[in-house]
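1. I need the structure of the sequence given here:
(one chain, ligands or ions: 1)
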Amino acid sequence: MDTLFSGMQPTGSMHVGNYLGAIESWVDLQERYRCVYCIVDYHALTGQVEAGAMQPTILEMATWLLACGIDPAKSLLFVQSDVPEHTELGWILSTVTPMGELSRMTQFKEKSKQAELASFVNTGLYTYPILQAADIMLYKAKWVPVGEDQRQHLELTREITRKFNARYGDTFPECQPLIKDDKRARVLGLDGEAKMSKSLDNHLAFTHTADEIKHRVTRTMVSDTQRARLADPGRPEVCNVFTFHGFFSGTEQRADIEAKCRTAQIGCFHCKSALAENVNARLGPIRERAEVLRKRPDDVRDVLRDCGLQVRALAQVTMDEVRSRVGLR
Ligand code: AQP
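-> Numbering: from 1, shown residues only. As a prediction, the model looks like this:
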């Protein structure tokens, strides 16, 4: 089986964008690959993390991932900082990474603007993609399921792999991104413009209650902006609410909504209410499983610890090889 790697930051709650863009695939891919899934707490330090706040959010993220269907009998789910080899390899890879390539990263440009508002652009934000390359390369992963926003970082990982192999000999495979080929690759936020994201507060979080989801969808989600009155025919093809029906509603209901929207037989509120119901129906069983796991936090910690030990053994084999190739002791 080929190895597959992906990571998730333990910041806030999982949201519908993470779920549709990445986590749904994480679950499906467990059947076909040796999956290594990582809660990337070192990466989260590049954001505004309060001292001491990380452990509960790591546990919370692990709980959501298990509730979504990550199965420790099939996949390795661990915490990045339990395997310090990530940062060791990251340092070595930084010595083959051109600064010019890093400076082109659009995520750095966007995140540093947000960080500027908080008056602190840290170096970790800039070198983030090198640590991400180390995360993947440490397990010699060939496949990386992510959302579209990570495509550029994975191109850089491939470039870093080529540079390392050219300098020290063939050591790492070039990874390939696994990105959905539809609108789930970049789920838009409730504003219908930007990527769904916690920091923009345009998201539907797994921690939102059913009522909060209903409120957010029916009251704040932007639909077809040109449809001013109920009597105006709608344009589902430009409407983010209709796109979300594509993610959450059945074929028949979608066809019905589309026809009635185009002929102004239903208004946006009706369409959004149906969507909110379907989102809650999808999240319901996940929330229930998370609730059960929350009563057994030690079981979740055990999974992270056991997987961490297994993964560290793999990482140490790679680092022995890397140190030897590079000429370190
Ligand atoms: N809107 C999205 N559409 C599709 N995929 C998405 N991903 C994130 N947002 C979307 C994918 O989710 C995985 C985990 O990403 P992350 O841990 O880096 O989360 P994030 O991108 O930091 O999430 P936010 O909400 O955007 O965080 P903030 O606002 O705190 O910066 C990745 O595979 C990512 O592609």
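
2. list the buried residues for the top helix by length along the chain?
-> In the chain, taking DSSP state H as the definition, the longest helix is helix 297-326. By 16 or more other C-beta atoms under 10 Å, the buried positions in helix 297-326 come out as 300, 303-304, 307-308, 311-312, 314-315, 318-319, 322, 325. The C-beta positions use only the backbone N, C-alpha and C, and glycine is treated the same way.

3. same question, stretch 190-200
-> So, applying 16+ other C-beta under 10 Å, buried residues of stretch 190-200: 190, 192, 195, 196, 197, 198.

4. near the ligand too, which of these?
-> 195, 196, 197, 198 (C-beta under 6 Å from any ligand atom).

5. now the second one. Nearest residue, chain neighbours left out?
-> Spelled out, it's residue 196. Closest residue in space to residue 196, ignoring its immediate chain neighbours: residue 17 at 3.3 Å, by C-beta to C-beta, 6 or more residues apart in numbering.

6. what's the neighbour count on that neighbour?
-> 24 (other C-beta atoms under 10 Å).

7. can you list the domains in the chain?
-> 3-187+297-326, 210-290 (automatic domain parsing).

8. chain center to the longest one, what's the gap?
-> For domain 3-187+297-326, the separation from the chain centroid amounts to 9 Å (computed by C-alpha atoms, centre = their mean, to the nearest Å).

9. the last one now?
-> For domain 210-290, the gap between its own C-alpha mean and the chain's C-alpha mean amounts to 24 Å (C-alpha atoms, centre = their mean).

10. right, so of the domains of the chain, which gets closest to residue 203?
-> domain 3-187+297-326 (4.0 Å; C-beta to C-beta).

11. hey, where'd the helices end up in the protein?
-> 16-18, 24-29, 41-44, 54-68, 85-94, 99-103, 106-117, 123-137, 151-168, 210-215, 240-248, 251-262, 268-294, 297-326.

12. buried deepest among those, which one?
-> The highest average neighbour count among these, using mean count of other C-beta atoms under 10 Å, belongs to helix 16-18 at a mean of 25.

13. mean confidence for that helix?
-> Mean pLDDT, helix 16-18: 97.
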